[in-house]
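[1] pasting the sequence and the predicted coordinates here, then a few questions.
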Amino acid sequence: MPATFDGPNLRILIPAPGTFSAEVDLYSDWKEWARLSDNAKFPPAFDTTGGDAIGGGSEIAPYFFLRNDLGWRIAAPEATGEVTIDGNLFPRDSARPVFVAPAGSFTVTFRQIVSSRATVEALDEPDAIEAGLTLRQAMRLTVAALAGKLSGAGGSTVQIRNAVADTKNRITATVDAQGNRTAVSTDIT
């Protein structure tokens, strides 16, 4: 059962718990709805980017942005269950709500499946993995975390040493009495 669109109230109505494709069940169905009658008079519910070919048979993954900045929201069904949205759906304004709770005493949980292959982080230097870490430094930390010698696990400080040489602490973490990390320092040299 497809989602329906309420233009005057700027709502995308999810009919029942289940899995809905961001591309097919929300974005494409909205485009079809907008073409009908005079529905184009309402603000757009989505904008999108991606789908461009980048060579070698690959393309940029599509992203769908709910225009919550214009008032659009996804309304939960009036039924208890889980609604899964499969696809790269994001709010245009992250400070505004995306979902509207159902009327009545229903419990609806929303789950999103987003492709991790479709996200790219801006780097502040050409060979950085994340801010301030080169590929070599990140690999040193990764190898230490995955295969390094662990010491202090029963105490308030945990140390993970470099994996092969066992000559220095690559990662040192301070933990509280409940085992929660409170501080971490690294040695990427």
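    It's in.
[2] wait, doesn't residue 106 sit right on residue 83?
    No - using CB atoms under 8 Å as the test, residue 106 is too far from residue 83 to be in contact (11.2 Å). Using the backbone N, CA and C atoms, a C-beta is placed for each residue, glycine as well.
[3] common neighbours of the two, please.
    Each of 76, 77 lies in contact with both residue 106 and residue 83 under the rule CB atoms under 8 Å, 6 or more residues apart in numbering.
[4] for these two, indicate the residue with more neighbours.
    More neighbours surround residue 83 than the other of residue 106 and residue 83, with 21 against 14 (other CB atoms under 10 Å).
[5] tell me the contacts of that one?
    Applying CB under 8 Å, 6+ apart to residue 83 gives the contacts 14, 17, 18, 20, 76, 77, 108, 109, 110, 111.
[6] let me see the domain layout of the protein.
    For the chain, the structural domains run 4-118, 128-186, going by automatic domain parsing.
[7] mean confidence score for the shortest one?
    The reference is to domain 128-186. Averaged over domain 128-186, pLDDT sits at 72.
[8] please tell me how far the residue nearest to the spatial centre of the chain sits from residue 89.
    Nearest residue to the geometric centre of the chain (CA atoms, centre = their mean): residue 114, 5.7 Å. Distance from residue 114 to residue 89, counting by CB to CB, to the nearest Å: 8 Å.
[9] list the contacts for the residue nearest to the centre of the chain?
    Going by CB under 8 Å, 6+ apart, the list of residues near residue 114 reads 87, 88, 89.
[10] change it to 10 Å
    Going by CB atoms under 10 Å, 6 or more residues apart in numbering, residue 114 touches 22, 61, 63, 85, 86, 87, 88, 89, 90.
[11] now swap in residue 167 and tell me
    By CB under 10 Å, 6+ apart, the residues touching residue 167 are residue 161.
[12] ok so, going back, which pair of the contacts of residue 114 spans the longest distance?
    Greatest spatial distance among these (CB to CB): 61 and 85, at 15.1 Å.
[13] which residue of these two possesses the greater neighbour count?
    residue 85 (23 against 17).
[14] fine by me, thanks again.
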